[in-house]
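Q: below: sequence and its predicted model.
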Amino acid sequence: MGKVVWITGASSGLGLHTARQLGMHGFDVIAGARSFGQGKAVEHCRSLPLDVTDEKSIDAFTQRALEMAGPPDILVNCAGMLILGACEQYGIGEIEQVMNTNFLGQVRMIQKVLPLMREKDGGKIVNFSSINGLLGIPFEGAYTASKHAIEGFSECLALEVKPYGIEVMLVEPGDHQSGSAAYRRHSGGITEASPYKAAFDIGTGVIAHDEANGSDPDRLGEKMAKVLKRRHLPKRLRVAKGDQRLAVVLHDVLPAWAFDRIIGSYYKKPKK
């Protein structure tokens, strides 16, 4: 078998497509997701139940994965969720849920595998961030906060683990044709009485349109397979269409007022 990969969030979205492509490209993939163990699995992978918000679930996954394939050569953190809402009207519990899954879920998995990787003198950790880890858009405040946290944490992590032969790569996808509505909920704070309701409806319509017309998620999985076969990882793998890559550049080079005007106007125009 090929290199052993543990991957989280493998039941849907980019996690599913990445796990499947890695398995097809010869990696020994142990795929984790909450829905596994209930008759659901991923082709070309071995699937185990995993809830990254639950320490006991992580412990059980780790024990079983070690029995099946041994310690991981590669950890891929894909588990994530999105709650669309206005920053003012998010429930604190909603923000905590997003951070607990997207950011703290990665932290828990990283802390679990690092002793295993140090013991075998090396490994690779891949953390899924997003274009939203580099800039913000309306009504994705909780998600964007979690991705910014992943960016900063991963940069610190890379410096700390380099002496042990462990590499860290951030993956920054743009919009892809993937995902499940179950992981893209609307905040309970958005009601008909909300002062943000009209702008929210237009903005989230733009978000849905861009995702529906996004990139092919299997192409991302194929790129991941190619990169993970290299001897060394790049620090970042940005997989996005040209306009979203340009948005990152403009965010960094334009005055803040100019960029805000551009991005704000984009999410105020309904898509047909």
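A: Structure received.
Q: mind showing which ranges of this structure have poor pLDDT?
A: When residues are selected by pLDDT under 70, those of the chain lie in 1, 39, 179-183, 272.
Q: select the longest strand from it.
A: In the chain, with assignment by DSSP state E, the single longest strand is strand 166-173.
Q: what is the helix or strand that that strand is followed by packed up against?
A: If you walk from strand 166-173 toward the C-terminus, the next helix or strand you reach (DSSP states H and E) is strand 184-186. Applying 3 or more Cβ pairs under 8 Å, 6 or more residues apart in numbering; DSSP states H and E, we find strand 184-186 packed against strand 82-84. The way it works is simple: take the backbone N, C-alpha and C, and place the C-beta from them, glycine included.
Q: which residues sit against the strand it packs on?
A: Residues external to strand 82-84 that are found in contact with it (Cβ atoms under 8 Å, 6 or more residues apart in numbering): 90, 94, 97-98, 139-140, 142-143, 183-187, 190, 200, 204, 207.
Q: show the buried residues in the residues you listed.
A: The neighbour-count criterion (16 or more other Cβ atoms under 10 Å) marks 90, 94, 97-98, 139-140, 142-143, 183-184, 187, 190, 200, 204, 207 among the contacts of strand 82-84 as buried.
Q: closest to residue 32 out of these?
A: Taking Cβ to Cβ as the measure, residue 32 lies nearest residue 183 of these, at 15.2 Å.
Q: ok, back up a step: can you tell me which of the contacts of strand 82-84 are in helices?
A: Among the contacts of strand 82-84, the members falling in helices are 94, 97-98, 142-143, 200, 204, 207 (criterion: DSSP state H).
Q: all strands of the stretch 101-250 of the chain, in order?
A: With DSSP state E, counting those that start in this stretch as the criterion, the stretch 101-250 of the chain has strands at 123-128, 166-173, 184-186, 236-239.
Q: in CSV: the ones in helices among the contacts of strand 82-84, plus distance to residue 81.
A: As requested, the ones in helices among the contacts of strand 82-84 are exported to CSV (distance: Cβ to Cβ, whole Å):
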residue, distance to residue 81
94, 10
97, 7
98, 6
142, 9
143, 8
200, 18
204, 15
207, 15
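Q: closest to residue 132 among these?
A: Distance to residue 132 across the ones in helices among the contacts of strand 82-84 (Cβ to Cβ) is lowest for residue 143, with 6.2 Å.
Q: which parts of the protein are helices?
A: For the chain, the helices defined by DSSP H occupy 13-24, 55-69, 92-99, 105-119, 141-161, 197-212, 217-228, 242-253, 256-266.
Q: show me which residues of the fifth one are buried.
A: Neighbour counts using 16+ other Cβ under 10 Å place 141-151, 153-154, 157-158, 161 of helix 141-161 among the buried residues.
Q: pull out the buried positions in stretch 228-241.
A: Neighbour-count burial for stretch 228-241 flags 228, 233, 237-241 (criterion: 16+ other Cβ under 10 Å).
Q: isn't residue 107 up against residue 153?
A: Yes: counting by Cβ atoms under 8 Å, residue 107 does reach residue 153; the two are 6.9 Å apart.
Q: okay, the strands of the stretch 101-250 of the chain in JSON lines with distance to residue 111 next?
A: As requested, those are arranged in JSON lines below (distance: least, Cβ to Cβ, whole Å):
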{"stretch": "strand 123-128", "distance to residue 111": "11"}
{"stretch": "strand 166-173", "distance to residue 111": "13"}
{"stretch": "strand 184-186", "distance to residue 111": "28"}
{"stretch": "strand 236-239", "distance to residue 111": "22"}
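Q: go through those strands and name the closest to residue 135.
A: When these are compared for distance to residue 135 using Cβ to Cβ, the nearest one is strand 166-173, at 10.6 Å.
Q: returning to what we had before: so which of the buried ones among the contacts of strand 82-84 is the closest to residue 27?
A: Within the buried ones among the contacts of strand 82-84, proximity to residue 27 (Cβ to Cβ) peaks at residue 183, which comes in at 24.4 Å.
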